[in-house]
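Colleague: Generate coordinates for the sequence data below:
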Amino acid sequence: MDHHPKTGPVARPTKATARTALAGVWALLVGVALLNLGNGLQASLLGLRATQEAFGNFLTGLIMAGFFGGFLLGSRLAARAVRRVGHTRVFAALTAVASITILVHGAFIDPLLWGLLRCITGICFAGIFVAAESWLNQRADNATRGQVLAFYMLASFAGMGGGQLLLTLGDPGEVDLFMLVSVLISAAAVPLLLSATEAPTPHSVRSISLSRLYQVSPLGVVGVFCAGVINGAVFGMGAVYANQLVDDLTRISLFMGALIVGAAAFQWPIGKLSDLFDRRRVLTLITVASAIVAVICFVLPNEVIGSHIGLAVVYGGLALSLHSLAIAYTNDYLEPTELIGASGGLVLVLGAGSIVGPLVVGGAMGLWGAHAFFVVLATVHVALAGFALWRMSIRPPIPTEAQGPYVAVASVASAVTVVAAEALHAEQLTGKDDDASPSPGKMD
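Modeller: Next comes the predicted model:
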């Protein structure tokens, strides 16, 4: 038995139980990996093709921001569609549209059309992930959900990172890579559709407004927004930045892949630190370290793309972990009944930041050149660190034994991923000990 600081004993899943749960979701994990493989490839591919077509940095950033706008809209609408027609039909329809959309990108090179298509793609992927993840959440129980989510995150990161390496298989100026993305998205539907079941019935949750969310945890909300800016900039404009420094697809793909490898590798140790120490101090340390690495990347940009890929690993590991840290910190100040309801607000904040990121970075690169990429990122980190230090000066910390568990969340996550993780936490708090006292800091 494990012991949760707020709830008391919590059953530890046996190896047999975890193995059984994973055996039931392997098809889903394969499909998710393929989806992220296609998603990771198409984001970098479109950035590179936009550069070749001389769209300009700001216009390219605007196009790439369209995906995050669509993803945000889709994450709000998809659950309603799933309840109405079933997640199997939603998944099949949106997979088909996403597969067609990338082919239209390759056939018609027009920035206005591309912006619209990126928005449609974002809506599609949000719906696809909501349908897939609701199925995943249904197949896992409280004893195995944590392990199942961990493998889900591994499949997501592996797919996103692997997608960057596929850039070397063709020329972004031709249609081959566009067709490959379409094939990957279509192939992902095969294992998922053969395994899909009825979507779980949603439970009523206590909603929480953005104003209440900010009142409860200003640093958490600002941290999620800044993480969105960083994530949107990295995934929307990272390949554009690299391409403007070197004209080598192998180096570009390695640079983007290194960012994602770092994000996957650093999640566990950073999460462990945040569970053992004041989470605000860990967040501040991580964002300051990210700023330092970003400044080094600015000073030595060519070396980063060439022989110092390790710096990209470090930056990705640090900066792309801020999202999970900020969510975990926000949850520490919420009542158990507010956790799931708050996820909608956090997704909205993250989505807003993800839209702002490519726009600001694209505009800065248009004015001052490619090197502005890491200048903007370093500025965001410094601003977040300053806000965190100010909050620490006026608010006492939560005792570490009263903090909730850290849960790794993908840099581009749908609402259901966040809800599933928070639902597990909420169930532990409410289902094991109905008399558990509120978290410290509720009255602050």
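
Colleague: what are the ranges of the helices in the stretch 1-150 of the chain?
Modeller: Using DSSP state H, counting those that start in this stretch, the helices found in the stretch 1-150 of the chain span residues 15-52, 57-85, 87-107, 111-139, 145-165.

Colleague: Compile the ones you listed into CSV and extend it with columns for mean neighbour count and distance to Leu259.
Modeller: Glycine gets a C-beta too; all of them are placed from N, C-alpha and C. Shown next, in CSV, are those (neighbours: other Cβ atoms under 10 Å; distance: least, Cβ to Cβ, whole Å):
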stretch, mean neighbour count, distance to Leu259
helix 15-52, 21, 11
helix 57-85, 22, 15
helix 87-107, 20, 22
helix 111-139, 23, 19
helix 145-165, 22, 8
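
Colleague: Nearest to Val282, out of those helices?
Modeller: helix 145-165 (19.4 Å; Cβ to Cβ).

Colleague: which parts of whatever helix or strand comes next after the closest one are buried?
Modeller: Next along the chain after helix 145-165, taking DSSP states H and E as the criterion, comes helix 176-195. By neighbour count, and taking 16 or more other Cβ atoms under 10 Å as the criterion, the buried residues in helix 176-195 are 177-178, 180-182, 184-189, 191-192, 195.

Colleague: Now the helix or strand following helix 176-195: average pLDDT?
Modeller: For helix 176-195, the succeeding helix or strand toward the C-terminus, using DSSP H and E, is helix 210-216. For helix 210-216, the mean per-residue pLDDT is 82.

Colleague: Reformat the buried residues of helix 176-195 as TSV; add pLDDT and distance to Ser44.
Modeller: Formatted as TSV, the buried residues of helix 176-195 follow (pLDDT from 0 to 100; distance: Cβ to Cβ, whole Å):
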residue	pLDDT	distance to Ser44
Leu177	94	10
Phe178	95	12
Leu180	95	12
Val181	94	10
Ser182	95	16
Leu184	93	14
Ile185	92	15
Ser186	91	20
Ala187	91	19
Ala188	87	18
Ala189	83	22
Pro191	79	25
Leu192	70	24
Ser195	64	29
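
Colleague: Mind jotting down where the helices sit in the stretch 251-400 of the chain?
Modeller: Along the stretch 251-400 of the chain, counting by DSSP H, counting those that start in this stretch, helices occupy 279-299, 301-305, 309-319, 322-331, 339-368, 372-394.

Colleague: mean pLDDT lowest for which of those helices?
Modeller: Lowest mean pLDDT of the helices of the stretch 251-400 of the chain: helix 301-305, a mean of 61.

Colleague: re earlier: reformat the buried residues of helix 176-195 into JSON lines and put distance to Phe235 next to each item.
Modeller: Output for the buried residues of helix 176-195, formatted as JSON lines (distance: Cβ to Cβ, whole Å):
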{"residue": "Leu177", "distance to Phe235": "17"}
{"residue": "Phe178", "distance to Phe235": "18"}
{"residue": "Leu180", "distance to Phe235": "19"}
{"residue": "Val181", "distance to Phe235": "15"}
{"residue": "Ser182", "distance to Phe235": "20"}
{"residue": "Leu184", "distance to Phe235": "17"}
{"residue": "Ile185", "distance to Phe235": "17"}
{"residue": "Ser186", "distance to Phe235": "22"}
{"residue": "Ala187", "distance to Phe235": "22"}
{"residue": "Ala188", "distance to Phe235": "19"}
{"residue": "Ala189", "distance to Phe235": "23"}
{"residue": "Pro191", "distance to Phe235": "25"}
{"residue": "Leu192", "distance to Phe235": "23"}
{"residue": "Ser195", "distance to Phe235": "28"}
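
Colleague: And the closest residue to Gly122 other than its chain neighbours, how far from Leu116?
Modeller: Closest residue to Gly122 apart from its sequence neighbours, by Cβ to Cβ, 6 or more residues apart in numbering: Gly70 at 2.5 Å. Remark: distance between Gly70 and Leu116 (Cβ to Cβ, to the nearest Å) = 9 Å.

Colleague: where does the stretch 1-150 of the chain have low pLDDT?
Modeller: For the stretch 1-150 of the chain, the stretches flagged by pLDDT under 70 are 1-24, 79, 87, 134-135, 137-150.

Colleague: Apply 50 and report the result again.
Modeller: Under the criterion pLDDT under 50, the flagged ranges of the stretch 1-150 of the chain are 1-14.

Colleague: deepest of the helices of the stretch 251-400 of the chain, which one?
Modeller: Among the helices of the stretch 251-400 of the chain, the stretch with the highest mean neighbour count (mean count of other Cβ atoms under 10 Å) is helix 322-331, at a mean of 27.

Colleague: Report the distance from whichever helix or strand Val229 is part of to the chain centre.
Modeller: Assigned by DSSP H and E, Val229 belongs to helix 218-245. Distance of helix 218-245 from the chain centroid (Cα atoms, centre = their mean, to the nearest Å) equals 11 Å.

Colleague: on that earlier part again, tell me the contacts of the residue nearest to Gly122?
Modeller: By Cβ atoms under 8 Å, 6 or more residues apart in numbering, Gly70 lies in contact with Arg118, Cys119, Ile120, Thr121, Gly122, Ile123, Cys124, Ala126.

Colleague: Pick the one among the buried residues of helix 176-195 closest to Leu254.
Modeller: Leu177 (16.6 Å).

Colleague: Excluding residues flanking it in the chain, which one is nearest that closest one?
Modeller: Nearest-residue entry for Leu177: Gly170, 4.3 Å, with adjacent residues in sequence omitted and distances by Cβ to Cβ, 6+ apart.

Colleague: so the one you found touches Val181, yeah?
Modeller: No - if you go by Cβ atoms under 8 Å, Gly170 and Val181 don't touch, sitting 10.5 Å apart.

Colleague: Roughly how far does the residue nearest to Leu41 when sequence neighbours are not counted sit from Leu45?
Modeller: Counting by Cβ to Cβ, 6+ apart, Gly163 is the residue found nearest to Leu41 once chain neighbours are left out, at 3.8 Å. Noted for Gly163: a distance of 9 Å to Leu45, by Cβ to Cβ.

Colleague: hmm, who's touching stretch 109-122?
Modeller: Applying Cβ under 8 Å, 6+ apart, the contact partners of stretch 109-122 are 42, 46, 49-50, 53, 55, 59, 62-64, 66-74, 97-98, 101-102, 104-105.

Colleague: Let's see that with 6 Å instead.
Modeller: Outside of stretch 109-122, the residues within contact range by Cβ atoms under 6 Å, 6 or more residues apart in numbering are 53, 55, 59, 63, 66-67, 69-71, 98, 101, 104-105.
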